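pasting the sequence and the predicted model now:
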Amino acid sequence: MNIVIDGMNVSLELLNSQRYRNMEVIPLRINRNGHKDYLTLKRGISAGFVEITECEVSTVGTVLARNKANVPLVLIDGDEIVGAKQNRIMNRSLIVPPLTTMEVSVSCTEQGRWHYGTTGDIYFDEDRDRAHFCYSDVAADFSTRRNKSHDLFERKSCQSTVWESIHDLEKRTSFRSRTSALHDNFINHKPRLDRYLNNFHVEYGQCGAIFIINGEIKGLELFANPSIYQDYHEKIFKSYIMEAIVDFRINRCRDDIWGFLREISHSEFRTSRWEGIGRHLQFANDYGYGAVLFDGCSLVHLNYFNNGKSRIFRRKQGRGYGSFRDFVDDS
């Protein structure tokens with residue numbers, strides 16, 4: 001299936017669905033998307049090619065990203081970094097050019113701390129530079145990312161919304177950390193997150209997925225190539241699994257997959273301010289909000305979140321699970 005994003009065609013292949021309890025996922029491949037190489041945050045920090053630090057004058061909404069590699073660094077919307085004075089998430093996907101240091105827009109995910117020290121299960125040694133952030137195995141939960149996307153499309157500051165979403169998650173999970181850290185909530189629910197995660201696997205060539213919880217499509221995540229997707233598979237899944245855990249229901253109805261994908265093509269697209277390599281767009285329609293990053297003609301990252309309006313139709317009697325066609329209204 002082709003979707004059109006502000007004049008750019010993106011060709012998707014939908015694979016057989018995977019299901020566990022109240023969550024179902026449709027893996028996606030992306031066809032003919034070029035072969036550009038990018039360094040991910042996970043690999044960059046691990047190899048010592050990437051450093052994320054507080055700015056010289058620390059501010060809540062900005063950090064410094066230093067790419068010491070000879071290839072571009074891709075940072076993904078909602079990706080969390082932990083440590084320094086407080087944990088943050090990336091406000092948008094962007095590409096840091098090779099051998100470049102640049103400011104990056106972020107939101108705080110740990111409202112109760114503004115000092116160097118400990119956060120959750122992470123300890124900062126006295127001898128290390130405490131201005132550096134560590135790689136996190138967590139991305140912001142679905143609700144936080146969706147609400148942030150709405151604010152950014154409306155060109156509003158999203159920090160208050162992020163904090164409100166985290167406080168709402170704490171209420172829904174009946175868990176609150178000492179510093180209201182999003183990361184701590186994921187640590188607390190790790191056994192349940194892992195039980196879900198172990199029932200989903202990466203398909204050959206997979207670049208993304210459509211996530212369905214309680215019969216309702218929650219969102220779409222799509223990456224440039226299988227290599228980048230592999231680095232973000234667990235983080236993105238846990239983002240949606242957290243929603244499946246805190247809102248557990250069984251619904252025998254299903255949203256219309258084709259309708260969900262068609263909505264993207266008919267969205268209103270707004271170009272965000274220039275930051276790094278590529279072109280970044282925010283978009284919205286009657287059913288949701290999203291963002292996409294292009295590098296030339298190649299898609300680097302796309303997310304699209306349902307705003308709660310339903311396209312549900314009732315599954316025909318006798319149908320079983322197993323293929324994406326189960327989700328399509330063929331009337």
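That came through fine.

please count neighbours and contacts with C-alpha atoms only from this point.
Noted.

tell me where the stretch 201-331 of the chain has strands.
Per DSSP state E, counting those that start in this stretch, the stretch 201-331 of the chain carries strands over the ranges 208-213, 216-223, 253-254, 268-271, 279-285, 288-295, 298-306, 313-314.

so which of those strands is nearest Val71?
Across the strands of the stretch 201-331 of the chain, Val71 has its closest neighbour in strand 288-295 (13.4 Å, CA to CA).

what packs against that closest one?
Using 3 or more CA pairs under 8 Å, 6 or more residues apart in numbering; DSSP states H and E, the elements in contact with strand 288-295 are helix 142-153, strand 279-285, strand 298-306.

one more time with 10 Å
Judged by 3 or more CA pairs under 10 Å, 6 or more residues apart in numbering; DSSP states H and E, the packing partners of strand 288-295 are strand 94-96, helix 142-153, strand 216-223, helix 257-265, strand 268-271, strand 279-285, strand 298-306.

quick check: Asn225 vs Arg113, distance?
Per CA to CA, to the nearest Å, Asn225 is found 36 Å from Arg113.

for the helix ranked longest in the chain, buried residues please.
Counting by DSSP state H, the longest helix found in the chain is helix 226-246. Under the neighbour-count criterion of 16 or more other CA atoms under 10 Å, helix 226-246 has 226-230, 232-245 buried.

could you do stretch 152-165 as well?
Result for stretch 152-165 [16+ other CA under 10 Å]: buried residues 152-153, 158-159, 161-163, 165.

restricted to helices, list those residues.
152-153, 159, 161-163, 165.

now, among those residues, which is nearest to Tyr20?
Distances from Tyr20 to these, taken by CA to CA, are shortest for Ser165, at 25.6 Å.

list the contacts of that closest one.
Applying CA atoms under 10 Å, 6 or more residues apart in numbering, we find Ser165 in contact with 109, 140-148, 159, 171, 182.

how near is it to Ile76?
Ser165 is 19 Å from Ile76, by CA to CA.

again with Tyr38
Counting by CA to CA, the gap from Tyr38 to Ile76 is 12 Å.

repeat that for Val138.
Val138 sits at a distance of 12 Å from Ile76 (criterion: CA to CA).

kindly report the same for Asn306.
19 Å.

so where's the stretch 151-300 of the chain shaky on pLDDT?
Counting by pLDDT under 70, the stretch 151-300 of the chain shows low-confidence ranges at 252-253.

how deep is the nearest residue to Met8 once chain neighbours are set aside tucked in, by neighbour count?
Of all residues not flanking Met8 in the chain, Cys297 sits nearest, at 7.3 Å (CA to CA, 6 or more residues apart in numbering). Applying other CA atoms under 10 Å, we find 13 other residues in the vicinity of Cys297.

looks like Cys297 contacts Ile5 (just checking).
No. Contact criterion CA atoms under 10 Å: Cys297 and Ile5 do not qualify, at 11.1 Å.

returning to what we had before: what's the farthest-apart pair in the buried residues of stretch 152-165?
The most distant members of the buried residues of stretch 152-165, if one measures by CA to CA, are Phe153 and Trp163, lying 18.0 Å apart.

which of Asn306 and Ile76 has more residues huddled nearby?
Taking neighbours as other CA under 10 Å, Asn306 and Ile76 compare with Ile76 leading, 24 against 20.

how near is the closest residue to the more buried one other than its chain neighbours to His167?
Leaving aside its sequence neighbours, Ile76 sits nearest to Ser93 (CA to CA, 6+ apart; 4.3 Å). Distance, Ser93 to His167, using CA to CA: 24 Å.

okay, these two: which has more neighbours?
Ser93 (25 against 18).

contacts only, for that one.
Here Ser93 is in contact with 74-79, 104-105, 275-276, 280-281, 291-294, 300-303 (CA under 10 Å, 6+ apart).

ok, Asn199 next?
18-21.

equivalent analysis for Ser11, please.
1-4, 29-33.

the same query, at a cut-off of 8 Å, please.
1-3, 30-32 (CA atoms under 8 Å, 6 or more residues apart in numbering).

show me which of those is closest to Arg43.
Ile30 (22.5 Å).

my read: that closest one touches Val10, true?
Yes. Ile30 lies in contact with Val10 (CA atoms under 8 Å); the separation is 7.3 Å.

which one of the two is surrounded by more residues?
Per other CA under 10 Å, whichever of Ile30 and Val10 has more neighbours is Ile30, with 22 against 17.

gap between the residue nearest to Glu110 when sequence neighbours are not counted and Leu169?
Leaving aside its sequence neighbours, Glu110 sits nearest to Ala181 (CA to CA, 6+ apart; 4.1 Å). Per CA to CA, Ala181 is found 11 Å from Leu169.
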